[in-house]
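1. Return atomic coordinates for the entry below.
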Amino acid sequence: MNELEFYSIIDRTYPWFPPLDDRESIGIDLSNAAFDPDLGQETFEGVLGQALLAEKLGFDGVLMFEQHNQPLALFGNPLMGAAWLAGETSGIRLGAVGPILNAYLTPTRVAEEVAMVDLVSGGRLILGLPMGIGAQYHGMGVANPAHARARYREALALLYRIWTEDGPFEWLGEFFHIPYVNVWPRPRQQPFPEVFIPAAGSFETLDLAAKHHFTYQALMTPGPKLIRNCELFRELCEKHGYKSERRQIAAVLSVHTAETDEQARAEAEKYILWMYQNVNRFPFHESFVPGHVSVQSLRAMMDGGYRSRDVSTYTIEELDADGAIVIGSPETVRQRIDEITTNMGAGRVILGGLNFSAPAWLLQKSLTLFAERVIPHFRPPGALAIWQRNPPAGYKTATERAGREPRRGGIPVVDLPGRGRVELYE
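-> Below is the predicted model of the structure:
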């Protein structure tokens, strides 16, 4: 079997809202009058509990997503969430899938927040840079969705330059004019943290990820289309002059593990279908307003691609056939993951689905079975999680820190009357 890395999505949806019977979606016309602060706090406590469990069980990392204007995940700023978890966990990698660049007035603010979180976590940050869907743009009011893709690409280009070039420099673009780009601090990981690009498979996004050696986080795309997207991604990497690694493709799967196949389905079905019927159900025009994607990508989406049908009509059998869900005994789950990741050429698996709505006891049971009876089959004998084998850059002993190479910066000095200039820490 192929060696894989495993990441657990730890977002929790706030589920206490009326069914989506007479509304368009949870992102447009679900009133926040349904929010109860006590239940909201309970939702966030579930996030922390799952992060601690994932670390204890030896997962390679945990992921949080950025959402706006809806009860899905509740993280308006996953970088803030990652900073919170950095103080509560010991070494597990922390994935903030967000910021949504177009939710910021300037990419320099993003660079500051990314560096801060990477430093306080000791170099454990994984950064996701999604485009975001139309409903989130409607709720933020920062950027015109029709200009979303062009603005996103310019913001990312500036962010990449901030990470790879010393300041100060001037940026003069179509959407941003910043006379003095000189961001402090810089990230712990150099030149920048690892970047995931969540994508349904548009050519433009795949090419962007390939160009910068980012990881393609493949999601919400039917099986055959998804495999073709992965093939295209590898072709684009070669076009940019290198051969991609398996870990540069991450499969996003809704996974539930139980003692038997029958029990797994009995436990998981209502939570999975609730998600598709109430949370993932966005009308296409709401998600992708004019200008949000290219004409080429729009055609591909409508031709059997991402959300080419009402997702609330999916059955468990259809989701299983498409590879969107993996439910069953440890043996079944192991075989299905091996099959899916082999077909995709993926080296990472991101587990989600039930975590959004299932009770804590069921998540703990599923994740524990998965960690004990599935993960070991995709690692060398006795191998630990990637963060245990290769500690993050910031985790060093006092002796190691004392013996480090000279600092990049200058030596701080002070002018003292009668003594002249002396070093501050002599």
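2. those helices in the stretch 151-300 of the chain, which residues are they?
-> With helices called from DSSP state H, counting those that start in this stretch, the stretch 151-300 of the chain shows them at 203-211, 223-239, 261-278, 284-287, 295-302.
3. dump the residue contacts of the nearest residue to Gln277 once chain neighbours are set aside.
-> For Gln277, ignoring the flanking residues on the chain, the nearest one in space by Cβ to Cβ, 6 or more residues apart in numbering is Ser312 at 4.4 Å. For every residue, glycine as well, the C-beta is placed using N, CA and C. When contacts are counted by Cβ atoms under 8 Å, 6 or more residues apart in numbering, Ser312 touches 20, 276-278, 280-281.
4. By residue count, what's the longest helix in this structure?
-> With secondary structure taken from DSSP state H, the chain has its longest helix at helix 37-57.
5. buried stuff in that helix?
-> Using 16 or more other Cβ atoms under 10 Å as the test for burial, helix 37-57 gives 43, 46-48, 50-55, 57.
6. so Asn69 makes contact with Ala135?
-> Yes - taking Cβ atoms under 8 Å as the definition, Asn69 is a contact partner of Ala135 at 6.2 Å.
7. Those two: who's more crowded?
-> Using other Cβ atoms under 10 Å, the more surrounded residue of Asn69 and Ala135 is Ala135, with 23 against 17.
8. List the contacts of the helix or strand hosting the more buried one.
-> Per DSSP states H and E: Ala135 is located in helix 134-140. The list of residues contacting helix 134-140 from outside it, by Cβ under 8 Å, 6+ apart, reads 25, 27-28, 67-70, 100, 102-103, 143-145, 148, 282, 285-289, 292.
9. what does stretch 25-39 give?
-> Stretch 25-39 is contacted by residues 14, 16-18, 20, 23, 69-72, 133, 135-136, 138-139, 278-279, 281-283, 286 when judged by Cβ under 8 Å, 6+ apart.
10. Quick one: mean pLDDT over that stretch.
-> Averaged over stretch 25-39, pLDDT sits at 90.
11. One more: stretch 184-202?
-> For stretch 184-202, mean pLDDT rounds to 93.
12. chain center to it: distance?
-> In terms of Cα atoms, centre = their mean, to the nearest Å, the centre of stretch 184-202 is found 10 Å from the chain centre.
13. Show me where this structure has its strands.
-> For the chain, applying DSSP state E gives strands covering 5-9, 61-65, 93-97, 125-128, 169-172, 177-181, 194-199, 215-218, 249-257, 325-328, 348-352, 413-416, 420-423.
14. Which among those strands is found nearest to Met116?
-> strand 125-128 (9.7 Å; Cβ to Cβ).
15. burial of Phe175, as a residue count?
-> By other Cβ under 10 Å, 16 other residues sit near Phe175.
16. quick one: contacts for it?
-> Here Phe175 is in contact with 147, 150-151, 154-155 (Cβ under 8 Å, 6+ apart).
17. Please tell me the pLDDT value assigned to it.
-> 97.
18. where does it fall, phi/psi-wise?
-> The phi and psi torsions at Phe175 (degrees, to the nearest 10) take the values phi -110, psi -20.
19. now the one 10 residues further on
-> In this entry, Pro185 is assigned phi and psi values of phi -80, psi -180 (degrees, to the nearest 10).
20. picking up where we left off before, by neighbours, which of the contacts of Phe175 wins?
-> Ala155 (24 neighbours).
21. Verify the contact between that one and Pro99 for me.
-> No - Ala155 is beyond contact range of Pro99, at 9.6 Å (criterion: Cβ under 8 Å).
22. between those two, what contacts are shared?
-> Val110.
23. wait, what's in contact with Pro198?
-> By Cβ under 8 Å, 6+ apart, the contact set of Pro198 is 97, 128, 130, 217, 219, 252.
24. repeat that with 7 Å
-> Counting by Cβ atoms under 7 Å, 6 or more residues apart in numbering, Pro198 touches 97, 128, 130, 217, 219.
25. is it true that the first one touches Leu127?
-> No - using Cβ atoms under 7 Å as the test, Val97 is too far from Leu127 to be in contact (8.1 Å).
26. Run through the residues that contact the spatially closest residue to Gly122 that is not a sequence neighbour.
-> Among residues not flanking Gly122 along the chain, Gly394 sits closest, at 2.9 Å (Cβ to Cβ, 6+ apart). Counting by Cβ under 7 Å, 6+ apart, Gly394 touches 122-123, 188.
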